[in-house]
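Asker: Need the 3D shape of this:
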Amino acid sequence: MLQPYREVLARPGALAFSAAGVLARLPISMVGIGIVLAVSSLYGSYGMAGRISAVYVVVQAVCAPILARLVDRHGQSRIMRPAILLTAIGLAAFVAAAATQAHRGWLYALAVVIGASSGSMGALVRARWSFVVTDHRALHTAYSLESALDELVFVIGPVLATLLATSVTPTAGLLVPAFAVLLGGLAFLAQKATEPPPSPRVAGVPHRSVMRSGSMVVLALVFIGMGAIFGATDVAVVAFAEEQGRKGLAGVILAVFALGSLLAGLAYGSRHFVRPLWQRFALGMVALAVGVSLFELVDSLGALAAVMFVTGFSIAPTLINGNGLVQEIVPRTQLTEGLTWVGTSLGVGVSFGSSIAGSLIDVRGSHGGFLVVQVAAVFSVVATLLSLRRLRADSRRAAARRVSTVA
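Answerer: Numbering: from 1, shown residues only. The predicted structure is shown next:
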């Protein structure tokens, strides 16, 4: 199963930029929870902590596509090197402000700085794979590898942030992502040989956003729904574990969820499929929705862990197929922008899902959180099924373009 991964990582420079990319995107799983842990501990307000974290998420969702558009036009290192430095400085300043219990206005302002400069490292890594790998099958394997590594980041990051904040100092969970983005990001950008060439804007030709594509709008909406599934699941599992008197096991159960996705992503990427990408994406979304609909039916932590492990098998393949559709749909010169849109959509969905689920859990217990999971799953499936004709048409046009290019 690992042979296809060995082959793609053997490409010149591939292992180096992929490894640096893993370190550089560790903050995506640590900054949000790190803000909540630090602020709630030092200022005694979960509400304030949640609002500051939400500011960070929303600003990142707005600014990351803008940064991606600049990256496509001017190159990764030229745009992202100063952005990464600003992110690291912003995180360090946030730690200092929180540790000295500065006025809350400073925390909100620094959350804006961090979110505005963060960008999407996952999109940058995938854009490099699209430049280094020209074979469609090998690119499928490379994208699968990165989705599996994303899951690894989300297994390690929250646990590490929580451990540091509770056993070292409340702000320690933000220091690690500051160093990670600085060291990993600069190491990634230093690798010039694998950096995609910029696509400067042609004078007199107006810029056309990738979001003017109907298929991209669909994918963004579906990824918001998927993010809401994940965000609501996180909160609901914590509430369910607390109701069972074993709150400390919530992290283990969520790790099992991510582990199922990690294993499925590795297995999926090692194989190649004849079925069209748009069909595989739709099937994966339906499978995910069916799996999460079973969460509310379980009555023990063991049963919940088992169901989540199996349901996790559908996560990474669906994300892989979604990113693959972006690669098919958008022009090569706007790939970073397209990948960033779906990545930030997922993050926005996580924020919405966790917020709404938290409110319902206060009223209805963990069942309220699982209800949000089910509603988000239904939304994602309906949006996918209603848009199959458009996804199919755009995928066929992309296939025709590849054939004509080869010819």
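Asker: What mean pLDDT does the biggest helix by length in the chain get?
Answerer: When the chain is parsed with DSSP state H, its longest helix is helix 136-167. Computed over helix 136-167, the mean pLDDT rounds to 80.
Asker: Then stretch 236-253?
Answerer: Average pLDDT, stretch 236-253: 79.
Asker: in it, what counts as buried?
Answerer: For stretch 236-253, the neighbour count (16 or more other C-beta atoms under 10 Å) marks 236-242, 244, 249-251, 253 as buried. Bear in mind the C-beta positions are built from the backbone N, C-alpha and C, glycine included.
Asker: so which strand or helix has the spatially most central residue of the chain?
Answerer: Centroid check for the chain by C-alpha atoms, centre = their mean gives residue 343 as the closest residue, at 5.0 Å. For residue 343, the enclosing helix or strand under DSSP states H and E is helix 335-364.
Asker: tell me what that helix is packed against?
Answerer: helix 46-74, helix 121-132, helix 214-243, helix 315-329, helix 366-386 (3 or more C-beta pairs under 8 Å, 6 or more residues apart in numbering; DSSP states H and E).
Asker: now the angle from it to helix 315-329?
Answerer: 140 degrees (axes from the mean of the first three to the mean of the last three C-alpha atoms, to 10 degrees).
Asker: Give the buried residues for helix 335-364.
Answerer: Residues 335-358, 360-361 are the ones in helix 335-364 that count as buried (16+ other C-beta under 10 Å).
Asker: just stretch 121-138 next, same as before
Answerer: Neighbour-count burial for stretch 121-138, counted by 16+ other C-beta under 10 Å, picks out 121-130, 132-133, 138.
Asker: Redo the helices and strands packed on helix 335-364 as TSV? Include distance to residue 174.
Answerer: Compiled in TSV, these are given as follows (distance: least, C-beta to C-beta, whole Å):
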stretch	distance to residue 174
helix 46-74	11
helix 121-132	17
helix 214-243	19
helix 315-329	26
helix 366-386	26
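Asker: before we move on, back to that, any idea of the angle the longest helix of the chain forms with helix 315-329?
Answerer: Here helix 136-167 runs at 130 degrees with respect to helix 315-329, directions being taken by the same axes, to 10 degrees.
Asker: Would you pull up how far the next helix or strand after helix 136-167 lies from the middle of the chain?
Answerer: Reading on from helix 136-167 to the C-terminus, the next helix or strand found by DSSP H and E is helix 172-189. Using C-alpha atoms, centre = their mean, to the nearest Å, the distance from the centre of helix 172-189 to the centre of the chain it belongs to is 17 Å.
Asker: Going forward, count from 4.
Answerer: Done: numbering now begins at 4, and the last item shifts to helix 175-192.
Asker: What are the buried residues along helix 175-192?
Answerer: By neighbour count with 16+ other C-beta under 10 Å, helix 175-192 contains the buried residues 175-181, 183-185, 187-192.
Asker: ok, those vs residue 306, which is closest?
Answerer: residue 176 (31.2 Å; C-beta to C-beta).
Asker: Might one say that the closest one is in contact with residue 35?
Answerer: No: when contacts are counted by C-beta atoms under 8 Å, residue 176 is not listed as touching residue 35 (10.2 Å).
Asker: looking at the helices and strands packed on helix 338-367, which is closest to residue 399?
Answerer: Comparison of those against residue 399 by C-beta to C-beta identifies helix 318-332 as nearest, at 9.7 Å.
Asker: Can you spell out which helices and strands pack onto the closest one?
Answerer: Contacting helix 318-332 under the criterion 3+ C-beta pairs under 8 Å, 6+ apart are the following elements: helix 124-135, helix 139-170, helix 217-246, helix 253-272, helix 280-295, helix 338-367, helix 391-409.
Asker: Rebuild the ones you listed as TSV, extending it with distance to residue 88.
Answerer: TSV is the format used below for these (distance: least, C-beta to C-beta, whole Å):
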stretch	distance to residue 88
helix 124-135	14
helix 139-170	21
helix 217-246	28
helix 253-272	30
helix 280-295	37
helix 338-367	19
helix 391-409	37
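Asker: out of the ones you listed, which comes closest to residue 8?
Answerer: Closest of these to residue 8 is helix 139-170, at 5.6 Å (criterion: C-beta to C-beta).
Asker: Just want the angle from the closest one to helix 175-192.
Answerer: 150 degrees.
Asker: buried sites along helix 139-170?
Answerer: When burial is assessed from 16+ other C-beta under 10 Å, helix 139-170 yields the following buried residues: 141-165, 167-168.
Asker: Next: stretch 255-271.
Answerer: So stretch 255-271, judged by 16+ other C-beta under 10 Å, has buried residues 256-269, 271.
Asker: ditto for stretch 84-102
Answerer: The neighbour-count criterion (16+ other C-beta under 10 Å) identifies 84, 86-87, 90-98, 100-101 as the buried residues of stretch 84-102.
Asker: would TSV of the buried residues of stretch 124-141 with distance to residue 311 be doable?
Answerer: TSV is the format used below for these (distance: C-beta to C-beta, whole Å):
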residue	distance to residue 311
124	27
125	23
126	27
127	30
128	27
129	27
130	32
131	32
132	29
133	32
135	35
136	33
141	32
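Asker: Nearest to residue 17 among the residues you listed?
Answerer: Using C-beta to C-beta, residue 135 is the member of those that lies nearest residue 17, at 5.9 Å.
Asker: got the contact list for the closest one?
Answerer: The neighbours of residue 135, taking C-beta atoms under 8 Å, 6 or more residues apart in numbering as the test, are 14-17, 197.
Asker: now swap in residue 151 and tell me
Answerer: By C-beta under 8 Å, 6+ apart, the neighbours of residue 151 are 265, 268-269, 272, 319.
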